[in-house]
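>>> show me the folded form of this:
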Amino acid sequence: MSVLVTKFGGTSVGSSAAIRSLIQITEHNQREWDHVIVVVSALSGVTDSLLRIVRTAQSGDDSAVKELYTQLRSRHTQVINELLTSERTEVQTAIDELLTECLRLCSGVQVLGELTPRTLDAIAGLGERMSARIVAAAFRDRGIAAAAVDASDLIITDDRYQDASPLMDATATQTKAQLAPILHDGTTPVVTGFIGATLAGVKTTLGRGGSDWSAAIIGAALAADEVWIYTDVDGVLTADPRIVPEARVIQKLSYNEVSELAYFGAKVLHPKTIRPVVERNIALRVKNTFNPEHPGTLIVQASQAITGAIKAVTAVQNLCLITVAGRGMLGVPGIAARTFAAVASQHASILMISQASSEQSICFVIPTTHADNVVLALRKELASELERRDIDDISVDMEVAIITAVGAGMRGTAGVSKRVFGAIGDERINVVAIAQGSSECAISLVVHQADAHAAVRAIHSLTVTEETVTANHRAPCN
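Here you go, the predicted structure:
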């Protein structure tokens, strides 16, 4: 029995027209697959509105809370009225119950004057719970058996609120137990993305953008044949089209390649989406809800490695480069460990690390928002070394960007770095730091943020895809 898990993002459920497209796409998929599971995000913008409501409640502004509540209710009511010819009353009642739950949680925040991560998760997940009920009713309205399923009944997580991780064994057991009877009855499960629950049943979320990850988790739990992520672009592109208008869709990528792209700023996939499908060797495909005929990008264990080829380039901006430097660091064990422990104490994510072989400096890149706190933590942790002048300085280079060139064909190919830095040099762009992992699937370099777009365009001129190679092979020789 073939099983397909599909996920539709916020723009794919953002209006009645988009939901109708979702249903048509699913009808088509059901003709090709034995079982299709649909995972949905909240309507576009709803999660932000829910978080705005609870933070407004914390400030004590009752009138603003009521206004935001009214806007949220009106948004969902409009979609219900435009989409459904039956079940309008029942679905509206379900939505009102969830919005009442939101108000109840807001009242608790107002009374206590405290907003905990646990409460944030309970409120943030309401958007998916509302959209799943609307989408399931829309299927039934079209004569397709469907049932809304809360992922909190499927995905069992740890209790790290706002950024929970699944407990895969428990999740697999629970997902099979809950979804198997629904699928056996010929009913389409419409599952909430983004949310899960602890073993104690307390609702959690997988972090912003976590609906992609939800689909991959469910796909892995069911040993699905494929997982398809529907979004508002035709697939994974060779670059951000806002920076490079001539960016192209990449036909096929490996897990490693797309992991690098997702981690280093490509917004088309949540960075954690890859892990569950890698472990089960499940193919992943990125497709466009609004252009469903396009094949999109297929992501598999190993794509065609085009020798020396760079497939894509991406940029992460609003970063800073912190350097810990001093001649007294040479040969002293533990400096790096203490440095990164200080960074971790501020819950800052390190995106890139570079260290010279002389051991006289360590530099790393973090989001700019953490800069002040991290520097303070470093100065406190390394106070003795600073006083003895073993460490000369802890410096911060603000407003930098990481530019990453990705391609499995770069592995073991001489001259790739020369081409990358040659393209950057031709544009007279200064490279501040460099890093390349042992996978050789990506080369990352740090430039000043003002040069980021020019650097992306320069490296993009070097990109090659399977389609380009095929076309070149087919072209007649002169």
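>>> domain parsing for the protein?
Using automatic domain parsing, the domain ranges for the chain come out as 3-232, 312-467.
>>> least confident of those domains, on average?
For the domains of the chain, mean pLDDT drops lowest on domain 312-467, to a mean of 88.
>>> following element in sequence after the single longest helix found in the chain, please.
For the chain, the helix reaching the highest residue count under DSSP state H is reported as helix 88-112. Of the helices and strands lying after helix 88-112 in sequence (DSSP states H and E), the nearest is helix 117-124.
>>> which secondary structure elements does the next helix or strand after that next one contact?
Taking DSSP H and E as the definition, the helix or strand that follows helix 117-124 towards the C-terminus is helix 126-141. With contacts taken as 3 or more C-beta pairs under 8 Å, 6 or more residues apart in numbering; DSSP states H and E, helix 126-141 sits against helix 16-32, strand 35-40, helix 46-59, helix 62-83, helix 88-112, strand 146-149, strand 188-192. Using the backbone N, CA and C atoms, a C-beta is placed for each residue, glycine as well.
>>> list the buried residues in the shortest one.
Meaning strand 146-149. By neighbour count with 16 or more other C-beta atoms under 10 Å, strand 146-149 contains the buried residues 146-149.
>>> each with direction, which strands does it pair with?
Strand 146-149 sits in its sheet next to strand 188-192 (parallel), going by DSSP bridges.
>>> what are the buried residues along the partner strand?
Along strand 188-192, these residues count as buried under the neighbour rule (16+ other C-beta under 10 Å): 188-192.
>>> chain center to that strand, what's the gap?
Taking C-alpha atoms, centre = their mean, to the nearest Å, one finds strand 188-192 lying 20 Å from the centre of the chain it belongs to.
>>> identify all contacting residues around the next helix or strand along the chain from that strand.
Tracing the chain C-terminally past strand 188-192 and defining elements by DSSP H and E, one meets strand 195-197 next. Judged by C-beta atoms under 8 Å, 6 or more residues apart in numbering, the contacts made with strand 195-197 from elsewhere in the structure are 121, 125, 128-129, 150-157, 164, 166, 171, 203-206, 214.
>>> can you tell me which of those residues are classed as buried?
Neighbour counting by 16+ other C-beta under 10 Å classes 121, 125, 128-129, 150-157, 164, 166, 171, 203-206, 214 among the contacts of strand 195-197 as buried.
>>> quick check: phi and psi at A151.
With angles defined as degrees, to the nearest 10, A151 shows backbone torsions of phi -60, psi -20.
>>> nearest residue to it in space, ignoring adjacent ones along the chain?
Leaving aside its chain neighbours, A151 sits nearest to T192 (4.6 Å; criterion: C-beta to C-beta, 6 or more residues apart in numbering).
>>> tell me what that neighbour is bridged to.
The residues paired with T192 through beta bridges, assigned by DSSP bridges, are V40.
>>> residues contacting V324?
For V324, the contact set (C-beta under 8 Å, 6+ apart) comprises 335, 339, 361-363, 378, 382, 391, 394.
>>> alright, I will stop here.
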